[in-house]
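Visitor: Need the 3D shape of this:
(chains A and B)
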2 protein chains.
Amino acid sequence: MRIAQIAPLFEPVPPPLYGGTERIVSNLTEELVARGHEVTLFASGESRTTARLVPGRERSLRLDPAPLKSEIAAHLSMLDEVRQRADDFDILHFHLSHFQHFPFFEHIREKTVTTPHGRLDYVDLVGAYRRWPDFPMISISLRQRKPLPKANWVGNVYHGLPLDHYHVPPEPDRSGQPYLAFLGRLSRDKRPDRAVEIARRSGMQLRIAAKIGDGDRTYFHENIEPLIDGKQVVYLGEVGEEAKAKFLHEAAGLLFPIDWPEPFGLVVIEAMAFGTPVIAWNEGAMPEIVDEGVTGFVVESIDEAVERVGRLGGLDRARIRRTLEQRFSVPRMVDDYEAIYAAQVARLDGGLRAPLRAISGGPA
Amino acid sequence: MRIAQIAPLFEPVPPPLYGGTERIVSNLTEELVARGHEVTLFASGESRTTARLVPGRERSLRLDPAPLKSEIAAHLSMLDEVRQRADDFDILHFHLSHFQHFPFFEHIREKTVTTPHGRLDYVDLVGAYRRWPDFPMISISLRQRKPLPKANWVGNVYHGLPLDHYHVPPEPDRSGQPYLAFLGRLSRDKRPDRAVEIARRSGMQLRIAAKIGDGDRTYFHENIEPLIDGKQVVYLGEVGEEAKAKFLHEAAGLLFPIDWPEPFGLVVIEAMAFGTPVIAWNEGAMPEIVDEGVTGFVVESIDEAVERVGRLGGLDRARIRRTLEQRFSVPRMVDDYEAIYAAQVARLDGGLRAPLRAISGGPA
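Guide: So this is what the prediction gives:
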């Protein structure tokens, strides 16, 4: 199949550090190429891929040191380039969250699919989708669909990790002090304060490996820093890939006490790759991602969380890893996307094209 | 003429305080209505106008307290609405700086004009315009065109102020201590530090009436605050409309020692409305706006600026006001825009449509 993958221009594909969307686009693109598809990746120029790369911008917006950059204009140029080449593809897969591509592709919207990687409860997104109501959409969790229940959802595809990248040493070294892990941005939404309280009340050490974004600095200094004592609560700073693997692998469990509708939660499945269970708050996609009592626990209070800490040791870490392999691997993710692409193409080829509402006033 | 004015959704039209673009759109819209045109204003819902208002968003992006807003999706919705009604208008006048409307109107681009109100030297803007190279553009100064010299410039229209709003009391009260005025954001680009040095070296008091934006707080605390002594350098905070008028009116001169390519500089003509001359740096539109030796001076160094302070008293304040009335009034601005609209419409009606380059791949 001739497939276009269209990534945002914020980070390279894959991203050097942070950047969940661009990482998933990379996982998907590389596997599609490995399966023999003819794949073109539209992304920033520093991207590394075995697909054909069409740079949408020489450098990614985040890494470009130029003082004057326009997110809107950068994506306009890339989208125009995609449109000019649209005839070269059987399917166009967009990974843009704010629908900037809709006006470009309304005349061939049945040939597109869109995976929005972010939350959809922005008031403006709901209003905008109403104007392009039949663009085929793919969610990354069923919970993500909630603000747009009537959208043209053609599939739900959970993220997948490349298993060869996340290989597991047979038995982790847990001879040191047992600890709970907190990984991710130290923002209010992620509720590191809850993690600290859970650790304290269960008498476990908490180790925090996290980045402090510019927007989170004040929150960190005022709310979290005072809780770090270097004994029960330890702050490791931002960690690289290798240290992260060890950090997750040796942990008794991951705490994910989020307070926002996280549409997926990559960190949770990264922990699973090392057999590490999670205690997650009942928010966003967590009930879909966590197999209750198998890969971890979903809770709604500190009390519940503390109680579950005592039960982490009883979970089968090999089974957690196997669950990841079954539910959240790249091959499984790509199987799902391939099936959706095939269904969309078959619908077009077979003349079964669903009647699409005309878009009035526009160049239909 | 049936005219659509399309404003950005950041502020209401007119804006309550800050917001140059929305203020100019308001000045233009109200005068067009007064001249008998049939005007429709696409803008945020809190806008106040005698034109027909089509809300592009219930509340403006800046005033809406909702935590999750999308600038991109908000403008997508508004632009779709404009497109649906495009047949109702003879001309569509866009005031969007980052070209988000281009893909919507490429099939009727000869019926549009675009006034970008910001600087154009974003790398992405230059790249994007190249993809829609014949959209008719109107600059707000000739200097603004510099990054896009080959664009389809169909006019240059300097901003205008409503004269009845800026009426002048016969003779200002300058019985108090004479002072130089600094007005505007306290950002690095505006170089308040230069203003302080000019004031010190010329032995004049400097009064600063300015807002400190979130992004400028660190710059202010580290660089400007230590220079404020309450005697020679006085900080008044942000001032309302009435206080601003008095502040400008009673000043010996306005200092505008900018260090960026300001495409216009509304504050300079606001000072002129009160007969107050300006000492401006030779940047951006300043040489076009300032009539050397009549309404002020354009300088390139602190030495020059200090020398010119001594010559401010020799300028004729009544003549400065008259120059504003001739060059920067709303009626003059609207005359210019009307002439451009008429020329564009005549070109269409008379079959003199310039050959437009085809946009390949798009729904032309």
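Visitor: Can you give the contact residues for the helix or strand of chain A with the lowest mean pLDDT?
Guide: In chain A, no helix or strand scores lower on mean pLDDT, DSSP states H and E than helix A:217-219, which sits at a mean of 87. Here helix A:217-219 makes contact (Cβ atoms under 8 Å, 6 or more residues apart in numbering or on different chains) with A:186, A:187, A:188. Where C-beta positions appear, they are placed from N, C-alpha and C, glycine not excepted.
Visitor: Quick check: of these, which lies closest to residue B:124?
Guide: If you rank these by distance to residue B:124 using Cβ to Cβ, residue A:187 comes first, at 28.0 Å.
Visitor: hmm, back to that, of the contacts of helix A:217-219, keep whichever come out buried.
Guide: A:186, A:187, A:188 (16 or more other Cβ atoms under 10 Å in any protein chain shown).
Visitor: Stretch A:98-108 vs chain B: in contact?
Guide: Yes. Under the criterion of Cβ under 8 Å from any Cβ of the partner chain, stretch A:98-108 makes contact with chain B via A:98, A:99, A:100, A:102, A:103, A:104, A:107.
Visitor: And those, which is closest to residue A:35?
Guide: Each of these was scored against residue A:35 by Cβ to Cβ, and residue A:104 proved nearest at 27.9 Å.
Visitor: how about the helices of chain A, start to end?
Guide: Assigned by DSSP state H, chain A shows helices spanning A:20-34, A:71-84, A:102-105, A:123-131, A:192-202, A:217-219, A:241-249, A:266-273, A:286-289, A:302-309, A:317-327, A:330-349.
Visitor: by contact count, what packs against the first one?
Guide: I take that to be helix A:20-34. Counting contacts by 3 or more Cβ pairs under 8 Å, 6 or more residues apart in numbering or on different chains; DSSP states H and E, helix A:20-34 is packed against strand A:2-6, strand A:38-44, helix A:266-273, helix A:330-349.
Visitor: for the third one, same thing?
Guide: Packing contacts for helix A:102-105, counted by 3+ Cβ pairs under 8 Å, 6+ apart, involve helix A:71-84, helix B:71-84, helix B:102-105.
Visitor: Packed most tightly, which of those helices would that be?
Guide: Among the helices and strands packed on helix A:102-105, the stretch with the highest mean neighbour count (mean count of other Cβ atoms under 10 Å in any protein chain shown) is helix B:102-105, at a mean of 24.
Visitor: got the CA positions of it in CSV?
Guide: Extracted as CSV, the C-alpha positions of helix B:102-105 are listed here (Å, rounded to 0.1, in the frame of the first residue of the first chain):
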residue,chain,number,x,y,z
PHE,B,102,-5.1,31.0,2.4
PRO,B,103,-6.2,27.4,1.9
PHE,B,104,-9.8,28.4,2.4
PHE,B,105,-9.9,31.1,-0.2
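Visitor: how far does it sit from the chain's center?
Guide: Chain-centre distance of helix B:102-105: 24 Å, with Cα atoms, centre = their mean, to the nearest Å.
Visitor: I'd like to know the average pLDDT value across it.
Guide: Per-residue pLDDT values over helix B:102-105 give a mean of 97.
Visitor: Contacts for it, please.
Guide: A:76, A:79-80, A:103-104, A:362, B:79-80, B:82-83, B:86, B:92, B:109, B:111-112, B:128, B:131-132, B:135, B:362.
Visitor: I'd like to know how many residues surround the nearest residue to residue A:336 once chain neighbours are set aside.
Guide: Counting by Cβ to Cβ, 6 or more residues apart in numbering or on different chains, residue A:336 lies nearest to residue A:157, which is 4.3 Å off, once chain neighbours are set aside. By the criterion of other Cβ atoms under 10 Å in any protein chain shown, residue A:157 has 21 neighbours.
Visitor: Report the separation between residue A:157 and residue A:165.
Guide: Relative to residue A:165, residue A:157 is positioned 19 Å away (Cβ to Cβ, to the nearest Å).
Visitor: do the same with residue A:191
Guide: 29 Å.
Visitor: So if I had to pick from these two, which one is more boxed in?
Guide: Taking other Cβ under 10 Å, residue A:191 and residue A:165 do not tie; residue A:191 has more neighbours (19 against 11).
Visitor: Would you mind confirming that residue A:137 makes contact with residue A:150?
Guide: No. Applying Cβ atoms under 8 Å, one finds residue A:137 not in contact with residue A:150, separated by 10.7 Å.
Visitor: Pick out whichever of the two has more residues nearby.
Guide: Using other Cβ under 10 Å as the criterion, residue A:137 and residue A:150 rank with residue A:137 on top: 23 against 9.
Visitor: need the contact list for that one.
Guide: Residue A:137 is in contact with A:113, A:114, A:115, A:116, A:148, A:151, A:152, A:153, A:154, counting by Cβ under 8 Å, 6+ apart.
Visitor: Closest to residue B:54 out of these?
Guide: For these, the minimum distance to residue B:54 (Cβ to Cβ) is 24.4 Å, reached by residue A:148.
Visitor: what separates the nearest residue to residue A:135 once chain neighbours are set aside from chain B, distance-wise?
Guide: Spatial nearest neighbour of residue A:135, chain neighbours left out: residue A:109 (5.1 Å); criterion: Cβ to Cβ, 6+ apart. Distance, residue A:109 to chain B, by Cβ to the nearest Cβ, to the nearest Å: 12 Å.
Visitor: ok, residue A:109 to residue A:136 distance?
Guide: Note on residue A:109: its distance to residue A:136, by Cβ to Cβ, is 7 Å.
Visitor: One more: residue A:269?
Guide: 25 Å.
Visitor: Just give me the neighbour total for residue A:50.
Guide: Neighbour tally, residue A:50, other Cβ under 10 Å: 12.
Visitor: Check what pLDDT the residue nearest to it when sequence neighbours are not counted gets.
Guide: Of all residues not flanking residue A:50 in the chain, residue A:33 sits nearest, at 4.6 Å (Cβ to Cβ, 6+ apart). Listed pLDDT for residue A:33 reads 98.
Visitor: got it, and residue A:289?
Guide: Residue A:289 is assigned 98 on the pLDDT scale.
Visitor: which stretches of the stretch 1-150 of chain A have low pLDDT?
Guide: The model of the stretch 1-150 of chain A has pLDDT under 70 over residues A:18.
Visitor: for chain B, what are the nearby residues on it?
Guide: Looking at chain B, the residues of the stretch 1-150 of chain A close enough under Cβ under 8 Å from any Cβ are A:57, A:66, A:68-74, A:76-77, A:79-80, A:83-87, A:98-100, A:102-104, A:107, A:119, A:121-125, A:127-128, A:131-132.
Visitor: ok, back up a step: possible to save the helices and strands packed on helix A:102-105 as TSV with distance to residue A:334?
Guide: Output for the helices and strands packed on helix A:102-105, formatted as TSV (distance: least, Cβ to Cβ, whole Å):
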stretch	distance to residue A:334
helix A:71-84	21
helix B:71-84	29
helix B:102-105	31
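Visitor: Next up, the contacts around the closest residue to residue A:266 other than its chain neighbours.
Guide: Leaving aside its chain neighbours, residue A:266 sits nearest to residue A:20 (5.2 Å; criterion: Cβ to Cβ, 6+ apart). Residue A:20 is in contact with A:117, A:159, A:264, A:266, counting by Cβ under 8 Å, 6+ apart.
Visitor: sorry, back to before: surely the residue nearest to residue A:135 and residue A:133 touch.
Guide: No. The pair residue A:109 and residue A:133 does not pass the contact test of Cβ under 8 Å, sitting 10.2 Å apart.
Visitor: In terms of neighbours, single out the busier of those two.
Guide: Using other Cβ under 10 Å, the more surrounded residue of residue A:109 and residue A:133 is residue A:109, with 20 against 13.
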